[in-house]
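Chemist: can you look at this prediction? I've put the sequence above it.
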Amino acid sequence: MALWVVASFARAAPALNVTPPSLSFVTVEGASNPSMQSLTIFSSGPEPVSWFAVSTASWVQVIPLTGTTPSSALVSANVTGLTAGTYTGTIFFNSSQTGTNKIVFVSLTVTPQTPQSQ
């Protein structure tokens, strides 16, 4: 008597991943924008995953706003018009293809200008 066993394995859907999970910018009030920083965006599986990014802060720019893994995105802080203080924002990376979301926290510290001696 022969016994046949049929096995099926469900593959886990690929998930969207973004590193690093947080970015920090520092500048002086009235100075130029701090240098851009890079994020790496990748999938946990072998298949490419499409994604899009949305920022909660008007001073945070993400380039590009959409892509396919593996890829990278540049993040900049536009300090025009910002006074001394600490600012926080969030970038949401979403993939409707996989149903996964990743969050990147962004902080910006604008330090006051020091008076120049005469």
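Modeler: Yes, it's here.
Chemist: all contacts plus neighbour counts: C-alpha atoms, from now on.
Modeler: OK.
Chemist: quickly run through the sheet partners of the host helix or strand of T90, with directions.
Modeler: Taking DSSP states H and E as the definition, T90 sits inside strand 85-95. Counting by DSSP bridges, the strands paired with strand 85-95 are strand 50-55 (antiparallel), strand 100-111 (antiparallel).
Chemist: so P46, which of the three states?
Modeler: Secondary structure for P46, judged by DSSP: H, G, I helix; E, B strand; the rest coil, is coil.
Chemist: and the nearest residue to it once chain neighbours are set aside, how many neighbours?
Modeler: The shortest distance from P46 to any non-neighbouring residue, by Cα to Cα, 6 or more residues apart in numbering, is to P14 (7.7 Å). Per other Cα atoms under 10 Å, the neighbour tally for P14 reads 18.
Chemist: surely P14 is in contact with S44?
Modeler: Yes. Contact criterion Cα atoms under 8 Å: P14 and S44 qualify, at 5.1 Å.
Chemist: list the contacts of T66.
Modeler: T66 is in contact with S50, W51, F52, A53, counting by Cα atoms under 8 Å, 6 or more residues apart in numbering.
Chemist: please indicate which of those residues has the highest neighbour count?
Modeler: W51 (22 neighbours).
Chemist: show me the beta-bridge partners of that one.
Modeler: Taking DSSP bridges as the rule, W51 bridges to G67.
Chemist: what about the closest residue to I91 other than its chain neighbours, neighbour count?
Modeler: Leaving aside its sequence neighbours, I91 sits nearest to S55 (Cα to Cα, 6+ apart; 4.4 Å). A count of neighbours around S55, defined by other Cα under 10 Å, yields 19.
Chemist: list the contacts for S55?
Modeler: Per Cα under 8 Å, 6+ apart, neighbours of S55: Q61, V62, G89, T90, I91, F92.
Chemist: save the residues you listed as a markdown table, and put in distance to T68 and pLDDT too.
Modeler: Converted to a markdown table, these look like this (distance: Cα to Cα, whole Å; pLDDT from 0 to 100):
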| residue | distance to T68 | pLDDT |
| --- | --- | --- |
| Q61 | 18 | 98 |
| V62 | 15 | 98 |
| G89 | 23 | 98 |
| T90 | 21 | 98 |
| I91 | 17 | 98 |
| F92 | 15 | 98 |
